[in-house]
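# Provided below are the primary sequence and the corresponding predicted coordinates.
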Amino acid sequence: MYLVLAPDLTIVGVSEAYLRATMTTRAQILGRGLFDVFPDNPDDSTATGVSNLRSSLERVLKHRRPDAMAVQKYDIRRPDSEGGGFEERHWSPVNSPILGEGDQLRYIIHQVEDVTEFVRLKQQRSEQHKIADELRTRAGQMEAEIHRRAQEIQEANRLLREHQEELESRVEARTADLQQANEALRKSEEQLRQSQKLEAVGRLAGGIAHDFNNLLSVILSYSDMLSYELKPNEHALADLEEIKKAGRRAADLTRQMLAFSRQQVLDLRILDLNEIVGSVNKMLTRILGEDIELKMLLAPRLAKVKADPGQIEQVLMNLVVNARDAMPTGGNLTIETANVELDVAYARDHVGVTQGAYVMLAVSDNGVGMDKAIQARVFEPFFTTKELGKGTGLGLSTVFGIVKQSGGTIWLYSEPGIGTTFKTYLPRAEGKVDWSPSPGPPTVAIRGTETILLVEDEDQVRKVASGILKKAGYHVLEATSPGEALLVSEQHPVKIHLLLTDVVMPKMNGRQLAERIGSMRPGIRIIFMSGYTDNVIIHHGVLDSGVSFLQKPFTPDSLSSKVRQVLDGVRRDGDAQFVRH
């Protein structure tokens with residue numbers, strides 16, 4: 001006899017024998033809770049039937065395997081038609097789970113044998129000598145019953161062995177899944193370590209570039225000022241030009257380091273990457289030469305991106321040059337654009353990637369390819385596989401920094417002897433394209449007579465900047481610190497037209513100084529200057545309105561031009577776009 005229970009211990013099935021034994025009907029018990037139908041006898045304070053049965057069922061729910069209980073005293077309520085109250089009963093229960101797909105527990109079979117009579121006979125054995133023969137007969141019957149139960153137990157054991165074998169098979173399959181998951185985790189950890197290493201190197205490169213830009217501002221500015229004073233035919237002019245060339249090369253290197261460390265000032269525009277590719281097509285053809293065939297696979301109706309057009313051109317040029325160098329005997333180079341969706345699975349397998357809509361720019365070659373060891377280091381600054389003196393090792397690290405600073409991501413796919421593909425993904429942007437190839441802005445007069453408050457804690461940089469501005473006709477008030485600048489501003493009796501301040505200084509940064517002086521002198525123009533970008537001069541990636549930025553290293557021309565533009569209210573489009581991710 002048996003009951004069928006749902007996982008919440010609601011009765012959903014019952015055998016006829018069970019109904020007869022418990023003096024109930026299907027209508028009375030189906031759909032009701034087990035312990036609502038069969039409670040403990042309230043007149044028996046020692047009753048443990050409900051608690052013991054509940055514990056057994058909880059073990060089945062937890063472990064999903066059969067649970068055989070010892071013989072239980074569990075009284076049954078008599079119907080009112082039979083006099084009401086409770087009737088003493090003894091049962092031998094076994095609770096077995098029924099599992100569905102995915103090891104989900106569907107039902108519990110509560111199977112019982114009514115052993116009340118056996119228990120009563122056993123209890124009364126010493127007192128009922130008169131019915132010894134009947135007891136022996138009953139004992140024989142019970143032996144037969146026990147034999148039958150033993151056979152049932154043997155069958156249950158066989159079923160348990162089968163379930164165990166099935167469980168072991170599932171464990172093996174699950175173990176294989178875990179091994180696969182561990183391998184995926186290992187790859188993710190490798191990507192994360194590489195990303196963290198590049199971040200650390202980037203911070204180091206940014207700090208070095210900042211210091212070098214201060215030195216280069218002095219070198220380039222004094223070189224330019226000396227060249228103005230020398231006559232065209234003087235021999236020293238050629239030597240001075242070599243110094244300037246070396247300084248400009250050093251400035252290019254620091255710009256590349258800043259690009260890698262994502263500390264560049266970006267002129268953000270809404271772009272069509274197809275137009276970027278088209279604008280440099282002729283230049284690419286000259287770079288590649290006749291032995292490399294260039295193919296363009298540009299997607300129609302390409303979505304827009306928000307990025308710096310000059311920096312994206314630099315990304316494309318660097319990737320093309322890298323592909324060219326990988327094909328010394330010629331080959332095929334393909335530039336491709338496409339609208340793509342990076343899903344959850346891709347984001348899970350690629351550290352730092354967020355799922356969403358992107359525009360892809362891919363550069364592929366069928367050159368020598370790269371092994372795994374080279375791929376692991378390819379974005380590191382100063383890492384190169386070229387001969388000594390053939391490259392700086394900053395080309396791909398610059399690409400990496402520009403793409404990351406633009407909110408995108410870059411991944412490479414390469415096989416030795418087959419070729420390499422670099423895929424950059426930039427987030428899609430809304431709006432109309434606001435960029436097209438055009439000449440630079442018109443030149444403006446660089447002299448003036450206004451008063452400028454110059455704040456720079458580096459003595460050499462302050463001295464050369466002051467000299468440039470004074471030669472251009474400006475009245476310059478110098479301060480070596482923000483505190484000194486505030487004092488100068490308070491004591492100067494007439495108008496100060498422009499605040500030219502470094503960003504990173506002790507005790508007070510450039511933004512804080514600008515806010516203090518701006519409140520003292522409303523309408524004053526502001527130029528921040530720095531060798532690298534810093535969060536103190538940005539709000540969510542954009543400079544405040546009316547504030548401009550001068551990138552170090554500067555030259556006399558760049559400093560004078562920027563000062564004149566800001567004083568005259570002439571703004572370059574890039575002045576207010578300043579992004580760091």
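Noted; the coordinates are in hand.
# Could you use CA atoms for every contact and neighbour count after this?
OK.
# mind checking the SS state of the spatially most central residue of the chain?
The centroid of the chain falls nearest to residue 352 when counting by C-alpha atoms, centre = their mean (3.6 Å). Here residue 352 is coil, with the state taken from DSSP: H, G, I helix; E, B strand; the rest coil.
# who touches it in this structure?
Contacts for residue 352 (C-alpha atoms under 8 Å, 6 or more residues apart in numbering) come out as residue 409.
# Helix or strand for residue 402, just tell me which one.
helix 395-405 (DSSP states H and E).
# Please list the residues outside the helix or strand residue 514 falls within that contact it.
Here residue 514, judged by DSSP H and E, is contained in helix 510-520. Residues outside helix 510-520 that contact it (C-alpha under 8 Å, 6+ apart) are 482, 486, 489-490, 499, 501-504, 524, 526, 528, 536-537.
# Name the nearest residue to residue 415, ignoring sequence neighbours.
Nearest non-adjacent residue to residue 415, counting by C-alpha to C-alpha, 6 or more residues apart in numbering: residue 369, 5.1 Å away.
# Hmm, that neighbour is touching residue 413, no?
No: using C-alpha atoms under 8 Å as the test, residue 369 is too far from residue 413 to be in contact (9.0 Å).
# who touches both of those two?
Counting by C-alpha under 8 Å, 6+ apart, the common neighbours of residue 369 and residue 413 are residue 420.
# These two: who's more crowded?
residue 369 (20 against 14; other C-alpha atoms under 10 Å).
# Can you name the element that comes right after the worst-scoring helix or strand of the chain on mean pLDDT?
In the chain, the helix or strand scored least confidently by mean pLDDT, DSSP states H and E is helix 235-260, which has a mean of 64. Beyond helix 235-260 in the direction of the C-terminus, DSSP H and E gives the next helix or strand as strand 269-271.
# can you pull the buried residues of the next helix or strand after that following strand?
Counting by DSSP H and E, the element after strand 269-271 in chain order, helix or strand, is helix 273-279. Counting neighbours by 16 or more other C-alpha atoms under 10 Å, one finds that the buried residues in helix 273-279 are 273-277.
# about what we covered before: in three-state terms, label the residue nearest to residue 415 for me.
coil.
# In the stretch 451-581 of the chain, where is pLDDT below threshold?
Within the stretch 451-581 of the chain, the ranges that satisfy pLDDT under 70 run 531-547, 570-581.
# Residue 77 reaches residue 87, doesn't it?
Yes: counting by C-alpha under 8 Å, residue 77 sits close enough to residue 87 to count as a contact (6.1 Å).
# neighbour-wise, which of those two wins?
residue 77 (22 against 12).
# picking up where we left off before, gap between the helix holding residue 514 and the chain center?
Relative to its parent chain, helix 510-520 has a centroid offset of 37 Å by C-alpha atoms, centre = their mean, to the nearest Å.
# go on, stretch 482-498?
46 Å.
# for it, how far is the first residue from the last?
The first and final residues of stretch 482-498 sit 15 Å from each other (C-alpha to C-alpha, to the nearest Å).
# Buried residues in it, which are they?
Buried residues in stretch 482-498 (16+ other C-alpha under 10 Å): 482, 485-486, 489, 496-498.
# Stretch 370-379 now?
Quick answer for stretch 370-379 (16+ other C-alpha under 10 Å): 370, 375, 378-379.
# Please parse this protein into its domains.
Here the chain is described, according to automatic domain parsing, as comprising the domains 2-124, 178-260, 269-429, 451-576.
# which phi and psi does residue 83 have?
Taking degrees, to the nearest 10, you get phi 110, psi -10 for the backbone angles of residue 83.
# same question but for residue 110, I mixed them up
Dihedral angles for residue 110 - degrees, to the nearest 10 - are phi -100, psi 100.
# Could you do residue 522 as well?
The phi/psi pair for residue 522 (degrees, to the nearest 10) is phi -60, psi 140.
# Now for it, how many residues are close by?
By other C-alpha under 10 Å, neighbour count at residue 522 equals 8.
# for it, what are its contacts?
No contacts exist for residue 522 under C-alpha under 8 Å, 6+ apart.
# residues in contact with residue 554?
Contacts of residue 554 (C-alpha under 8 Å, 6+ apart): 216-217, 220-221.
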